[in-house]
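Engineer: Dropping a prediction and its sequence here:
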Amino acid sequence: MMNKNLPGWRELPEGAVVRDPGNTETIDVSGWRVFKPVIIDDKCTRCRLCWIYCPDGAIIEVIDEKAKMGKRYEVDYVHCKGCGICYAECPVNAIEWVPEER
Amino acid sequence: MALKEVGPMEEIRNHMQIPRPEYIAGGHSACQGCGHFVIIRHLLKASGPNTIVVNPTGCVEVVTTVFPYSSWKVPWIHVAFENGGAVASGVEAAVRTLQRKGVLSEDEPINVIVFAGDGGTVDIGFQSLSGMLERGHKVVYVLLDNEAYMNTGIQRSGSTPFGAWTTTTPVGKKWKGEWRVRKDMIQIAVAHHIPYAATINPAYPVDMYNKMVKALKADGPAFLHAYSPCPTGWRFDPSKTIEVARLAVLTGYWVLYEYDHGKYKVNVPVLKRKPIREFIKIQGRFRHMTEEQIKRLQEIVDEQVEMINKLVGRTVIGPVEG
């Protein structure tokens, strides 16, 4: 992974510390996926288990006054690696497991 | 109506109360379905923003901090395999001194947490952990146990269970996987007379969260032993991470208990245990096991359950069903 835009050692901060905490958020890992989860909002009971068990924090809880129980769940397809834990753990089968198409 | 979310360092009653802010960002390069990050996410939620993380070498360090990136939204320090406990002791002592001198406010407690793997705790970092527990630094040591050195390619560690395949305990004509019994880290930690030690499991998030809060509030070092399924090293489908973790509890292989100031308590009682066969049949690392070996593993689990029942003083984990 040689990137010509990477800074030289003179330009790095002292001790090569990372000055921007949590900047892996800018990395797109969607290329890891073979299947992707799709949440069916009508079936979802807002039990929150997908959000709890996701290792990548890729299920987002959105506060939405119009939605059922004031919130809904969305998949962050940039950070989802397609492990399928949410699909396997959903107690009401509200998550579909769809082949990734590019 | 769902209960309200709590702030950091408060105990919860159900999983709807787990706070929303994330202290570890997505986009790290952990394998699909990595158990470590289910645990770390919730433990950092319990600890809140006033946290310093000490991270000895291991999977977590390697996947979260590929330069120039970092997944941590809290102060983080990487140290070598063998001195996680020692560096955490130093960090804690420095924080305490700065608070005494008035540089840092004493009203806001600063939590020091070590996230170490089983190699960095059970084998290599053992002496520094022992020293830290002995000196009584107020640090929470979290052992993320995936039962082998997964980062370097699945070599056995002192935590590898009986019968498991690893690259250094291969399966062939003479060797049939690991033949030794794993170390009991909770008992080793308790032997240091620490106030709090507990086992946690990602399949039981409320229990995990509350134990972290108790550990942070303990008046001395606390030790948490986390069971962390590894799809890559244990050879199972990434979507089964939570299922494997749950089966470990239901078969009695992993008993969720705590040691709190001299008292033992089992937090998730299992009245009728499932046979260990159900737990090992979904993992490729146990695929070679003969009837004899399965019987031996069942005996090891039975012994462990019996020991915990004795410590608690009554039968909390029941006999094998069927």
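Structural biologist: Yep, it's here.

Engineer: where exactly do the helices run in the chain?
Structural biologist: No chain specified, so I'll use chain A. For chain A, the helices defined by DSSP state H occupy A:49-53, A:85-89.

Engineer: sorry, should have said chain B
Structural biologist: Under DSSP H, chain B gives helices at B:35-47, B:59-64, B:84-100, B:126-135, B:185-190, B:205-217, B:231-234, B:241-250, B:276-280, B:291-312.

Engineer: okay, those helices, which one's buried deepest?
Structural biologist: When the helices of chain B are scored by mean count of other C-beta atoms under 10 Å in any protein chain shown, the highest mean neighbour count falls to helix B:35-47 (a mean of 26). Glycine gets a C-beta too; all of them are placed from N, C-alpha and C.

Engineer: Relative to the whole chain's centre, how far out is it?
Structural biologist: 10 Å (C-alpha atoms, centre = their mean, to the nearest Å).

Engineer: May I have that helix exported as PDB, CA atoms only?
Structural biologist: Below are the C-alpha coordinates for helix B:35-47, written out as PDB (Å, rounded to 0.1, in the frame of the first residue of the first chain):
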ATOM      1  CA  GLY B  35     -15.700 -10.600  19.100                       C
ATOM      2  CA  HIS B  36     -13.100  -8.100  20.500                       C
ATOM      3  CA  PHE B  37     -14.900  -5.100  19.200                       C
ATOM      4  CA  VAL B  38     -18.300  -6.000  20.500                       C
ATOM      5  CA  ILE B  39     -16.600  -6.100  24.000                       C
ATOM      6  CA  ILE B  40     -14.500  -3.000  23.600                       C
ATOM      7  CA  ARG B  41     -17.400  -0.900  22.300                       C
ATOM      8  CA  HIS B  42     -19.500  -1.600  25.300                       C
ATOM      9  CA  LEU B  43     -16.700  -1.400  27.900                       C
ATOM     10  CA  LEU B  44     -15.700   2.100  26.600                       C
ATOM     11  CA  LYS B  45     -19.300   3.200  26.700                       C
ATOM     12  CA  ALA B  46     -19.400   2.100  30.300                       C
ATOM     13  CA  SER B  47     -16.200   4.000  31.000                       C
END
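
Engineer: quick one: that helix to helix B:205-217, angle?
Structural biologist: Interaxial angle, helix B:35-47 versus helix B:205-217 (axes from the mean of the first three to the mean of the last three C-alpha atoms, to 10 degrees): 60 degrees.

Engineer: Can you list the helices and strands that helix B:35-47 packs against?
Structural biologist: On a contact count with 3 or more C-beta pairs under 8 Å, 6 or more residues apart in numbering or on different chains; DSSP states H and E, helix B:35-47 meets helix A:49-53, helix B:59-64, strand B:111-117, strand B:140-145, helix B:205-217, strand B:222-227, helix B:241-250.

Engineer: what's the average pLDDT for it?
Structural biologist: Mean pLDDT, computed over helix B:35-47, is 94.

Engineer: for stretch B:287-300, same thing?
Structural biologist: Averaged across stretch B:287-300, pLDDT comes to 93.

Engineer: May I have it as CSV, with CA atoms only?
Structural biologist: Provided in CSV are the C-alpha atoms of stretch B:287-300 (Å, rounded to 0.1, in the frame of the first residue of the first chain):
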residue,chain,number,x,y,z
ARG,B,287,-13.5,-31.0,14.2
HIS,B,288,-10.9,-33.7,14.6
MET,B,289,-11.9,-34.6,18.2
THR,B,290,-12.4,-38.3,18.9
GLU,B,291,-15.1,-39.6,21.3
GLU,B,292,-12.4,-40.0,24.0
GLN,B,293,-11.3,-36.4,23.7
ILE,B,294,-14.9,-35.1,23.8
LYS,B,295,-15.4,-37.1,27.0
ARG,B,296,-12.2,-35.7,28.5
LEU,B,297,-13.3,-32.1,27.6
GLN,B,298,-16.7,-32.8,29.2
GLU,B,299,-14.9,-33.9,32.3
ILE,B,300,-12.8,-30.8,32.4
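
Engineer: Fine, thanks again, bye for now.
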